[in-house]
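*Asks:* curious how this folds, go ahead:
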Amino acid sequence: EIKSQAALCDSLKGDLCQLEKQRSMARATAEATSQGICDVEAAIKDSRLHSIQVFRERDVLMQQVSELKAEQQQLDGLCLALRRAVHAEGLIMEDMETE
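*Replies:* As a prediction, the model looks like this:
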(Lines give C-alpha, C1' and ligand atoms only; values in the text may rest on other atoms or scores of the structure.)
Protein backbone atom coordinates (compact mmCIF):
# COMPACT_ATOMS: atom_id res chain seq x y z
CA GLU A 1 0.00 0.00 0.00
CA ILE A 2 2.88 2.35 0.76
CA LYS A 3 4.28 1.65 -2.68
CA SER A 4 0.98 2.53 -4.32
CA GLN A 5 0.73 5.74 -2.30
CA ALA A 6 4.32 6.63 -3.23
CA ALA A 7 3.52 5.95 -6.90
CA LEU A 8 0.39 8.06 -6.63
CA CYS A 9 2.38 10.83 -4.94
CA ASP A 10 5.01 10.69 -7.70
CA SER A 11 2.28 10.79 -10.32
CA LEU A 12 0.66 13.80 -8.66
CA LYS A 13 4.05 15.55 -8.42
CA GLY A 14 4.57 14.93 -12.14
CA ASP A 15 1.09 16.29 -12.91
CA LEU A 16 1.74 19.32 -10.70
CA CYS A 17 5.07 19.97 -12.41
CA GLN A 18 3.41 19.68 -15.83
CA LEU A 19 0.65 22.09 -14.79
CA GLU A 20 3.23 24.59 -13.51
CA LYS A 21 5.06 24.44 -16.85
CA GLN A 22 1.78 24.97 -18.72
CA ARG A 23 0.87 27.89 -16.45
CA SER A 24 4.30 29.42 -16.98
CA MET A 25 3.96 29.08 -20.77
CA ALA A 26 0.43 30.54 -20.63
CA ARG A 27 1.72 33.48 -18.59
CA ALA A 28 4.52 34.11 -21.11
CA THR A 29 2.02 33.93 -23.96
CA ALA A 30 -0.32 36.32 -22.14
CA GLU A 31 2.54 38.77 -21.52
CA ALA A 32 3.64 38.61 -25.16
CA THR A 33 0.05 39.11 -26.30
CA SER A 34 -0.36 42.03 -23.92
CA GLN A 35 2.83 43.62 -25.25
CA GLY A 36 1.61 43.07 -28.81
CA ILE A 37 -1.67 44.78 -27.95
CA CYS A 38 0.22 47.72 -26.44
CA ASP A 39 2.34 47.98 -29.58
CA VAL A 40 -0.75 47.93 -31.81
CA GLU A 41 -2.47 50.57 -29.67
CA ALA A 42 0.63 52.80 -29.91
CA ALA A 43 0.72 52.32 -33.69
CA ILE A 44 -2.98 53.22 -33.93
CA LYS A 45 -2.40 56.36 -31.86
CA ASP A 46 0.55 57.35 -34.07
CA SER A 47 -1.55 56.73 -37.17
CA ARG A 48 -4.35 58.91 -35.85
CA LEU A 49 -1.94 61.73 -35.06
CA HIS A 50 -0.34 61.39 -38.48
CA SER A 51 -3.78 61.40 -40.14
CA ILE A 52 -4.73 64.58 -38.30
CA GLN A 53 -1.49 66.21 -39.44
CA VAL A 54 -2.00 65.07 -43.04
CA PHE A 55 -5.55 66.44 -43.11
CA ARG A 56 -4.36 69.77 -41.73
CA GLU A 57 -1.64 69.95 -44.36
CA ARG A 58 -4.19 69.00 -47.02
CA ASP A 59 -6.45 71.85 -45.89
CA VAL A 60 -3.54 74.31 -46.11
CA LEU A 61 -2.65 73.06 -49.59
CA MET A 62 -6.27 73.24 -50.73
CA GLN A 63 -6.40 76.85 -49.52
CA GLN A 64 -3.18 77.64 -51.40
CA VAL A 65 -4.57 76.05 -54.57
CA SER A 66 -7.73 78.11 -54.20
CA GLU A 67 -5.70 81.29 -53.77
CA LEU A 68 -3.54 80.43 -56.79
CA LYS A 69 -6.64 79.81 -58.92
CA ALA A 70 -8.04 83.20 -57.92
CA GLU A 71 -4.70 84.83 -58.73
CA GLN A 72 -4.62 83.01 -62.08
CA GLN A 73 -8.09 84.36 -62.92
CA GLN A 74 -6.95 87.88 -62.09
CA LEU A 75 -3.86 87.45 -64.26
CA ASP A 76 -5.95 86.03 -67.11
CA GLY A 77 -8.19 89.11 -66.90
CA LEU A 78 -5.16 91.39 -66.89
CA CYS A 79 -3.66 89.60 -69.91
CA LEU A 80 -6.92 89.95 -71.79
CA ALA A 81 -7.05 93.66 -71.00
CA LEU A 82 -3.43 94.09 -72.14
CA ARG A 83 -4.11 92.23 -75.40
CA ARG A 84 -7.08 94.46 -76.08
CA ALA A 85 -5.03 97.56 -75.32
CA VAL A 86 -2.23 96.40 -77.65
CA HIS A 87 -4.76 95.62 -80.37
CA ALA A 88 -6.46 99.00 -79.94
CA GLU A 89 -3.07 100.72 -80.05
CA GLY A 90 -2.24 98.82 -83.22
CA LEU A 91 -5.49 99.97 -84.81
CA ILE A 92 -4.78 103.56 -83.81
CA MET A 93 -1.31 103.30 -85.31
CA GLU A 94 -2.78 101.93 -88.57
CA ASP A 95 -5.28 104.78 -88.71
CA MET A 96 -2.55 107.32 -88.12
CA GLU A 97 -0.39 105.76 -90.87
CA THR A 98 -3.22 105.76 -93.40
CA GLU A 99 -3.98 109.44 -92.80
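*Asks:* for the helix or strand containing residue 11, what does the pLDDT average out to?
*Replies:* Using DSSP states H and E, the element containing residue 11 is helix 2-98. Averaged across helix 2-98, the pLDDT comes to 96.
*Asks:* other SSEs contacting that helix?
*Replies:* The contact analysis (3 or more C-beta pairs under 8 Å, 6 or more residues apart in numbering; DSSP states H and E) places helix 2-98 against no helix or strand. C-betas here are computed from N, CA, C, even on glycine.
*Asks:* how far off centre is that helix?
*Replies:* Helix 2-98 has its C-alpha centroid displaced from the chain centroid by 0 Å (C-alpha atoms, centre = their mean, to the nearest Å).
*Asks:* neighbours of residue 26, just the number please.
*Replies:* 10 (other C-beta atoms under 10 Å).
*Asks:* just residue 62 next, same as before
*Replies:* Neighbour count for residue 62, taken as other C-beta under 10 Å: 10.
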